[in-house]
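**Student:** Sequence and predicted structure are below.
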Amino acid sequence: MKYRPGSFTKNFAWHGRGMKKLHEAIRAGFGSLLRPVQRQEWRDNSGIGDSNLELIPVNFFLHNTVADGTNFITVDELVFQAISAEHARSFDLLALFAFHLSKVGVRDGYNVGEQNPAGWANEFVRKQLWQNGGWTIAELDPIRMDSFLKSRLEAVHEVQVKCRANYRHLFELCGLTRGPGELINTNPQHWSGAAVFLTWDRVLADNGKLDAPIPQLLELLESLEIHKLIGIDQSLLLQDAGAFAEMYVDAGCLMRFSPPGAQGARKRRVRQGNLPYINLNAIRQATTDAVVVRQLRQFNALQRNRASATALKALYENRCVFCDMRLQVGTDPTEYYSQAAHIKPLGKPHDGPDKLGNMLILCPNHHLQFDRGLLRIEIRSGGFYIASRVDSDPLNGKPIHLHPEHALDADCVRWHFEWFDYNE
């Protein structure tokens, strides 16, 4: 199918200020209030004017609702994140996600149509950029992008090249044009929950609804292939999808933005950081032999992993290799707790090795910081050293003392360091 790019050829540079300009415009346009704003009022307040063509790119990120013949800028999760938090890289990534959801000019649901000037970008992510569980950096090569756009855009070559330049610039603004290997780290742990909320917000708004049952919400994530737009394997999204849906419904769906005391008053706002871990795959009934075989393999791998973790914990006597502390969890002085962290994650899309050299024994706090990339391991002077992104962290530069029987896999250590090699 061919798409008409429309005004996507306009300048997305925003005078070099990137997505921060979008963040500021949203705050100013809404006056820091969570209420729908008439389009003209938003334009007057946003600080973005038509004279320098800065307004047009905003249309690809924000959502419009027409009520009683009046055009409103919709309050949704992207707006909430801009108003409730200072600008950060997580907002940029959510904004890029919003662009991939955008249906500028489309009024009849999420069916792709030639009048949809952003539909080609959605297709690019789902059909070309996402492969084998993540975004592949090679697909952001300008030549490959040009080849895709040639097959999708109903436009002359010069316009296609302008669209590619603008589109690739969005990835550059988000720091997504480089990586340690084939895959790009989209840093989903910081914004995937907001992306799921945003998906439901916009689908409900497009269909004139305020809420939807949980099964319908979950079906939308699968039918729209939201995991591909986030840049992760589907199983990773399904692990948390049930929790996201329960919290979305508990928060009131779109009614969570209603003013207190109004009909459908706003319910308790649930923040993404409080999400519990729920694995939907584990509770779904196996309906095919292939599913049964896969689950059996996963169970066997899990059993092997637990055995290795137990052995390694015993080797270190449950001491964190970063801080050397042991967490006592019982009155018996022998009752201690620690966690086994994988340096390179097992399974898709990273396929880290299932061996002791890919594991560390850490306390819960440092396990979380390691998984988020706040703490990394640097190889220098023939040894392993802790590298913290917090300059005042006393752990920064501290050597790691490993048990003589435990040798870390240097390739896994280098992979982890490079995977989180970005600037927030």
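**Tutor:** In hand now; what should we look at?
**Student:** Low-confidence stretches in the stretch 301-424 of the chain?
**Tutor:** For the stretch 301-424 of the chain, residues meeting the criterion pLDDT under 70 lie at 301-306, 333, 422-424.
**Student:** And the chain, by the same measure?
**Tutor:** Ranges of the chain meeting pLDDT under 70: 10-16, 49-57, 104-115, 179-180, 259-306, 333, 422-424.
**Student:** What segments of the protein are strands?
**Tutor:** Applying DSSP state E to the chain gives strands spanning 37-38, 64-67, 70-73, 130-131, 134-136, 183-184, 327-328, 336-337, 339-342, 359-362, 375-380, 383-388.
**Student:** got JSON lines for those strands, with mean neighbour count and distance to R164 too?
**Tutor:** Just so you know, the C-beta spots here come from the backbone N, C-alpha and C atoms, and that holds for glycine as well. Converted to JSON lines, the strands of the chain look like this (neighbours: other Cβ atoms under 10 Å; distance: least, Cβ to Cβ, whole Å):
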{"stretch": "strand 37-38", "mean neighbour count": "16", "distance to R164": "33"}
{"stretch": "strand 64-67", "mean neighbour count": "14", "distance to R164": "26"}
{"stretch": "strand 70-73", "mean neighbour count": "16", "distance to R164": "28"}
{"stretch": "strand 130-131", "mean neighbour count": "18", "distance to R164": "18"}
{"stretch": "strand 134-136", "mean neighbour count": "24", "distance to R164": "17"}
{"stretch": "strand 183-184", "mean neighbour count": "22", "distance to R164": "17"}
{"stretch": "strand 327-328", "mean neighbour count": "14", "distance to R164": "52"}
{"stretch": "strand 336-337", "mean neighbour count": "14", "distance to R164": "52"}
{"stretch": "strand 339-342", "mean neighbour count": "20", "distance to R164": "37"}
{"stretch": "strand 359-362", "mean neighbour count": "26", "distance to R164": "42"}
{"stretch": "strand 375-380", "mean neighbour count": "18", "distance to R164": "34"}
{"stretch": "strand 383-388", "mean neighbour count": "17", "distance to R164": "36"}
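**Student:** For D409, which of those is the nearest?
**Tutor:** strand 359-362 (9.2 Å; Cβ to Cβ).
**Student:** thinking again about what came up before, could I get the strands of the chain as a markdown table with distance to W415?
**Tutor:** Below are the strands of the chain laid out as a markdown table (distance: least, Cβ to Cβ, whole Å):
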| stretch | distance to W415 |
| --- | --- |
| strand 37-38 | 46 |
| strand 64-67 | 43 |
| strand 70-73 | 42 |
| strand 130-131 | 18 |
| strand 134-136 | 14 |
| strand 183-184 | 10 |
| strand 327-328 | 28 |
| strand 336-337 | 28 |
| strand 339-342 | 11 |
| strand 359-362 | 14 |
| strand 375-380 | 11 |
| strand 383-388 | 14 |
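**Student:** quick one: which of those is nearest H190?
**Tutor:** H190 lies closest, by Cβ to Cβ, to one member of these: strand 183-184, at 14.5 Å.
**Student:** Quick check: can you name the pairing partners of the closest one and their directions?
**Tutor:** Taking DSSP bridges as the criterion, strand 183-184 forms sheet pairs with strand 134-136 (antiparallel).
**Student:** What lies in contact with the strand it pairs with?
**Tutor:** For strand 134-136, the external contacting residues (Cβ atoms under 8 Å, 6 or more residues apart in numbering) are V125, L129, W130, L176, E182, L183, I184, T186, G231, I232, D233, P349.
**Student:** residues touching the fourth one, list them.
**Tutor:** L176 makes contact with L96, W135, L140, I184, T186 under the criterion Cβ under 8 Å, 6+ apart.
**Student:** try it again with 6 Å
**Tutor:** When contacts are counted by Cβ atoms under 6 Å, 6 or more residues apart in numbering, L176 touches I184.
**Student:** Over to it: give its phi and psi.
**Tutor:** Per-residue torsions, L176: phi -110, psi 20 (degrees, to the nearest 10).
**Student:** Tell me the spacing between it and L204.
**Tutor:** 28 Å (Cβ to Cβ, to the nearest Å).
**Student:** swap in the second one?
**Tutor:** Distance, L129 to L204, using Cβ to Cβ: 27 Å.
**Student:** what's the answer for the fifth one, then?
**Tutor:** Counting by Cβ to Cβ, the gap from E182 to L204 is 36 Å.
**Student:** Those two: who's more crowded?
**Tutor:** Higher neighbour count among E182 and L204: L204, with 21 against 14, using other Cβ atoms under 10 Å.
**Student:** How about that one: what's its closest non-neighbour residue?
**Tutor:** Nearest non-adjacent residue to L204, counting by Cβ to Cβ, 6 or more residues apart in numbering: L254, 5.2 Å away.
**Student:** which residues touch the residue lying closest to G133 once chain neighbours are set aside?
**Tutor:** Closest residue to G133 apart from its sequence neighbours, by Cβ to Cβ, 6+ apart: P349 at 2.8 Å. Neighbouring residues of P349 by Cβ under 6 Å, 6+ apart: N132, G133, G134, L183, D233.
**Student:** Repeat the analysis, applying 8 Å as the threshold.
**Tutor:** Contact analysis of P349 by Cβ under 8 Å, 6+ apart lists N132, G133, G134, L183, I232, D233.
**Student:** Hmm, K348 and the first one touching each other?
**Tutor:** Yes: between N132 and K348 there is a contact under Cβ atoms under 8 Å: 6.9 Å.
**Student:** neighbour-wise, which of the two wins?
**Tutor:** Using other Cβ under 10 Å, the more surrounded residue of N132 and K348 is K348, with 14 against 11.
**Student:** residues near the nearest residue to G231 once chain neighbours are set aside, how many?
**Tutor:** Excluding the flanking residues, the one nearest G231 by Cβ to Cβ, 6+ apart is T186, at 3.6 Å. Look at T186: counted by other Cβ under 10 Å, it has 23 neighbours.
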